[in-house]
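Peer 1: Pasting the sequence and the predicted coordinates here, then a few questions.
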Amino acid sequence: MTEASFGLRGTFAVLDLPAWTLAMARGGSPATRPLLALAAGSDESLVARAAGGDRQAFDDLYRRYVDMVWTRLGRLLGPDPEREDLLQQIFLELFRALPRFRGDASFRTFLYRIVLNTASDHLKRRRRHPRPIPDEELEQLVSADLSPEARAVERQRLAATFALLDRIKPKKRIAFLLRVVDGLSLEEISELTNSNPAAVAQRVRHANRELTALARRLAAQQKDRP
Amino acid sequence: MIAPRRPTKAACREAEDALLVGAADGDPTARVRVDRHLGHCPACQAIKQTLQQTRADLRAAAAPLDDVHRARLLARLAPAIDEQASRQAAVAARRSQPSGARSLRWIGTAGALATAAVAAALVAGLHRAPAPYPRATDAIVIRQTPATTTIDGSATAAGQPPAAPAAPSPAPALIVPYRVIAEHGAASGRLRREARARHDRLVDQSFQRLQTPPDTTIRARVGERMRVTLVGGTDVSILSAVDDVLDVGLDAGTLVADFVHRRTGRLRIHSPGAVTEVVGTLFSVEVRGQQSRVSVAHGRVVVQPSDGPPRVVSAGQSWISGTPHVEDVPAQTAALLAEHDAAIRPPAPAPAPWTITPSFVPVAQPAPAFEPAPVAVAAIPAAPVKPAAVVAIVQPRALIAAPAAPEAIYRDAESAMRRRDWLAAQRALERLVGEGAHGALPDVARYELAQLAIRNGDDARAARWLDALLTSNGEPALREPARFLRCELRGRASDAAEARRCWEDFRRGFPTSGRDAPAL
């Protein structure tokens, strides 16, 4: 898939939905998918066993979803040094919440909601007590092929981007990133964030407007500097 | 040539909406219009570029985990999950109690308060030398044989005072120091009062073998690291204590135990059909005829069945010898585990729902004939415990859940690796392995050490680390990458036949591996 090969949707690969969202759309409650639930190692059977206290099943769930959770956290928070703690918190919360899982939504959606709630709480805390991202975290995002000067410039640009994102409210940030980075539809975001699609669209627009204004202000400040 | 139209505000808004919320997705005409607008509007192109850049930056920040990182995170998570699981089990057990039992909780509270008061008095030195155990018509007498101390239900013969209490054995032994208990409600108020009055006269009793009658529950300890609750007619014995390995035999009844893990030392329970090896956990072993059921509340145990390969029983699981599958811990066993867990925790929020039974009065016996190896005395000390120990129980839970030093060592190694200080990283990782810590971290360290050795061109050393990892029976997540790396090293060692065998084994062992293609 190349950027030139199609229209707007293709130009923005961000709008291409990941495979799991399609699976989620096709899904439904375990009650409507009895054969799937019976399949050994299916999410439903693992969830049922883990909810009954089977640690092996929970470990299997962990191994199956840890990458997904880690990636989503990275996309929502950026290079945050507390990401490991948050990941642990999410799985602990999942373990606590499993007995309450009724299967109304897919397990992925259930877990994704926990991820979003945890990330949202963390972003609120981070807004109250902002901390610069450590250089070593940024360093890992910069290509090793660049010259030292180019790497420094790239680090600064990344730090500015993440600082701008930190300035907008967590609700708006999450809606914006789910839409722009994860490429979820408004309906999917509204299901995850327990709001309606129109409100999600407003949050995305507001976030973009605020980011643009902040970026302009930052650029003007940098220009004014001697 | 027609000059491009000047972008209007409305067109920009439409394009922005299309870019941000996909407003033009379902409308081909609008998509064409927006595409055309994007072709000649620099402001909207800038928005598009910014969004693409943001997407790229955040996707880069979400680099996937590697195997080592994943295993390490799981190792960090495991104790927290175990703790949570045992807490949930305790809550479930409390909820499953019949309402009558709940209403009798105040009796337990009163008993615990009285016990604590007695213990405090003893600590304060108000306690006089204990009198010989009183004789009572309903007393249970300890009958002793050279290697066996038996408690049965026979009545004391009148006029036969029991022998004086023997000095506690310095060797590992079952110590019944303070609580001789029965199921709640088993004793009447008068008998409970008598029992409380008698309680301060109980002192440590050491047994190498203990047989308890049905309908009694006895708490005991072995050394400082193991606390047991014996339920029903149990027959338990200390088999040996050599080289930091304590072997306990269980021939009948139910044994609920917690074993506090330290740097070294293991506990093995030998029961019909299985040997259960424990490193640090809360678990139970029940013997029914020639079968044993092993149930784990938190932590993990390795069980060696008499007729098959070893298997791991994890928290919340239960396994019966001679059967292939694990199942959930039965409600009755879960209740026992939760009750034991609650009883051994010092700041017990709710008193255990039991009361002291008057029908059991231990009578002392001479030092047991069994003499364990002297080395075990140092390894698992069995210091004499005063009756006051009733309120000074070691905190196994706190010890298990304490902040793990290995985690800090691993963090040191990690930051050294970030600084590219390979020597410091290697030292930290070797220290971590040398500490003999429990869990996945030592395996993670072995894997990292192997990779460091490969980086240094020392394939032989790398192979040694990988072999150590593969034989440690540890973190399963690392077995596949470690096996893969080991095969690569064999290939590099120009031992074609060995390498081929290794790859074949790898493909058989991990048929769904993502590394199957390179292995092939």
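Peer 2: That came through, no problem. Numbers count the residues shown, from 1 in each chain, chains lettered A, B, ... in the order given.

Peer 1: what ranges of chain A fall below the confidence cut-off?
Peer 2: Where chain A drops to pLDDT under 70, the residues are A:1-41, A:225-226.

Peer 1: Now do the helices in it.
Peer 2: Read by DSSP state H, chain A holds these helices, from start to end of the chain: A:8-11, A:19-26, A:34-38, A:43-51, A:55-77, A:83-97, A:107-128, A:135-139, A:148-167, A:170-180, A:186-193, A:197-224.

Peer 1: for those, which one sits closest to B:D67?
Peer 2: Distance to B:D67, taken as C-beta to C-beta, is lowest for helix A:55-77 among the helices of chain A, at 10.4 Å. All C-beta atoms are positioned from the backbone trio N, CA, C, and that covers glycine.

Peer 1: Now do the closest one against helix A:107-128, angle only.
Peer 2: 50 degrees (axes from the mean of the first three to the mean of the last three C-alpha atoms, to 10 degrees).

Peer 1: coming back round to it: between the helices of chain A, which shows the greatest average number of neighbours?
Peer 2: Mean neighbour counts were compared across the helices of chain A using mean count of other C-beta atoms under 10 Å in any protein chain shown; the top stretch is helix A:170-180, at a mean of 23.

Peer 1: In terms of secondary structure, what does that one contact?
Peer 2: The elements that helix A:170-180 packs onto, with contact taken as 3 or more C-beta pairs under 8 Å, 6 or more residues apart in numbering or on different chains; DSSP states H and E, are helix A:55-77, helix A:107-128, helix A:186-193, helix A:197-224, helix B:9-21, helix B:42-61.

Peer 1: so B:R219, which of the three states?
Peer 2: Put simply, B:R219 is strand when judged by DSSP: H, G, I helix; E, B strand; the rest coil.

Peer 1: Model confidence for it, exactly?
Peer 2: Here, the pLDDT recorded for B:R219 equals 70.

Peer 1: you'd agree it is up against B:V228?
Peer 2: Yes: using C-beta atoms under 8 Å, B:R219 is in contact with B:V228, at 7.1 Å.

Peer 1: Give me the more crowded residue out of these two.
Peer 2: Ranked by neighbour count (other C-beta atoms under 10 Å in any protein chain shown), B:R219 and B:V228 place B:V228 first, with 28 against 23.

Peer 1: The more buried one against B:A257, yeah?
Peer 2: Yes: look at B:V228 against B:A257 with C-beta under 8 Å: they come within range, at 4.4 Å.

Peer 1: so what's the most centrally placed residue in chain A up against?
Peer 2: Note on chain A: the residue nearest the mean C-alpha position is A:R72, at 3.4 Å, using C-alpha atoms, centre = their mean. Contact partners of A:R72, counting by C-beta atoms under 8 Å, 6 or more residues apart in numbering or on different chains, are A:Y112, A:V115, A:A119, A:D182, B:A62.

Peer 1: Would you convert the residues you listed into a markdown table that also reports distance to A:D54?
Peer 2: Shown next, in a markdown table, are these (distance: C-beta to C-beta, whole Å):
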| residue | distance to A:D54 |
| --- | --- |
| A:Y112 | 23 |
| A:V115 | 23 |
| A:A119 | 28 |
| A:D182 | 31 |
| B:A62 | 30 |
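
Peer 1: Identify the farthest-apart pair in these.
Peer 2: Counting by C-beta to C-beta, the most remote pair of the contacts of A:R72 is A:Y112 and B:A62, 14.2 Å apart.

Peer 1: looking at the helices and strands packed on helix A:170-180, which is closest to B:G233?
Peer 2: Using C-beta to C-beta, those put helix A:55-77 closest to B:G233, at 30.9 Å.

Peer 1: Kindly calculate the angle that the closest one makes with helix A:43-51.
Peer 2: Between helix A:55-77 and helix A:43-51, the angle comes out at 110 degrees (the same axes, to 10 degrees).

Peer 1: quick one: helix A:55-77 to helix A:170-180, angle?
Peer 2: 100 degrees.

Peer 1: can you tell if the longest helix anywhere in chain B touches chain A?
Peer 2: Selection of the longest helix in chain B by residue count, based on DSSP H, yields helix B:67-96. Yes: using C-beta under 8 Å from any C-beta of the partner chain, helix B:67-96 reaches chain A at B:R70, B:L73, B:L74, B:R76, B:L77, B:A80, B:I81, B:D82, B:Q84, B:A85, B:Q88, B:A89.

Peer 1: which helices and strands sit right next to that helix?
Peer 2: Checking 3+ C-beta pairs under 8 Å, 6+ apart, helix B:67-96 ends up next to helix A:55-77, helix A:83-97, strand B:291-298, helix B:331-344, helix B:396-401, helix B:441-455, helix B:479-492.

Peer 1: quick one: which of these is nearest A:F176?
Peer 2: Across these, A:F176 has its closest neighbour in helix A:55-77 (10.2 Å, C-beta to C-beta).

Peer 1: which SS state does B:P324 fall under?
Peer 2: coil.

Peer 1: neighbours around it, how many?
Peer 2: B:P324 has 9 nearby residues by other C-beta under 10 Å.

Peer 1: Who are the contact partners of it?
Peer 2: Taking C-beta under 8 Å, 6+ apart as the definition, B:P324 has no contacts.
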